[in-house]
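**Student:** kindly return the folded structure for what I paste below:
(one chain, ligands or ions: 1)
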Amino acid sequence: MKQRICGLCKTPLSPGAPACMGCQGAVVYGARLKEMQGAFVRGAALGATTTGAVWISAWGISSHALVAAGVGAMLCAMAFILAERRSHAGHVRTYRRTR
Ligand SMILES: [Zn+2]
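**Tutor:** Here you go, the predicted model:
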């Protein structure tokens, strides 16, 4: 496996270490929780509006449109999270700890 180095202080990171030995920065493997949450919100908003709009134009406004929008939101949110995870796969980043 390739040796990773800290993006902040260039200290080599031991594999799987939660923090950098040099600068004590937090090491993040793959996507961060905040990025996943952002992807979830974007996906849910897109899924709800597109599914809702398509449903309403085809079958009119009803309680079923709400259910469809909810299902569309969930499916789209999951797809966005998967895409976000994939875009950060194999990334190792170091973040300065905020005190
Ligand atoms: Zn460091």
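**Student:** Pro15 belongs to a strand?
**Tutor:** No - assigned with DSSP: H, G, I helix; E, B strand; the rest coil, Pro15 falls outside any strand and is coil.
**Student:** pLDDT wise, what is it at?
**Tutor:** Per-residue confidence (pLDDT) for Pro15: 86.
**Student:** got it, and Leu82?
**Tutor:** Listed pLDDT for Leu82 reads 97.
**Student:** same thing with the one 10 residues further on?
**Tutor:** According to the per-residue confidence, Val92 scores 89 in pLDDT.
**Student:** for the spatially closest residue to it that is not a sequence neighbour, what are its contacts?
**Tutor:** Among residues not flanking Val92 along the chain, Arg4 sits closest, at 4.6 Å (C-beta to C-beta, 6 or more residues apart in numbering). Yep, even glycine has a C-beta here, placed from its N, CA and C like the rest. Contact analysis of Arg4 by C-beta atoms under 8 Å, 6 or more residues apart in numbering lists 12-13, 15, 92.
**Student:** quick one: buried ones out of those?
**Tutor:** Those of those that meet the buried threshold are 13, 92, by 16 or more other C-beta atoms under 10 Å.
**Student:** quick check, nearest of the contacts of Arg4 to Arg86?
**Tutor:** Nearest to Arg86 among those, counting by C-beta to C-beta, is Val92 at 15.7 Å.
**Student:** you'd agree that closest one is up against Leu13?
**Tutor:** Yes - contact between Val92 and Leu13 holds when scored by C-beta atoms under 8 Å: they sit 6.8 Å apart.
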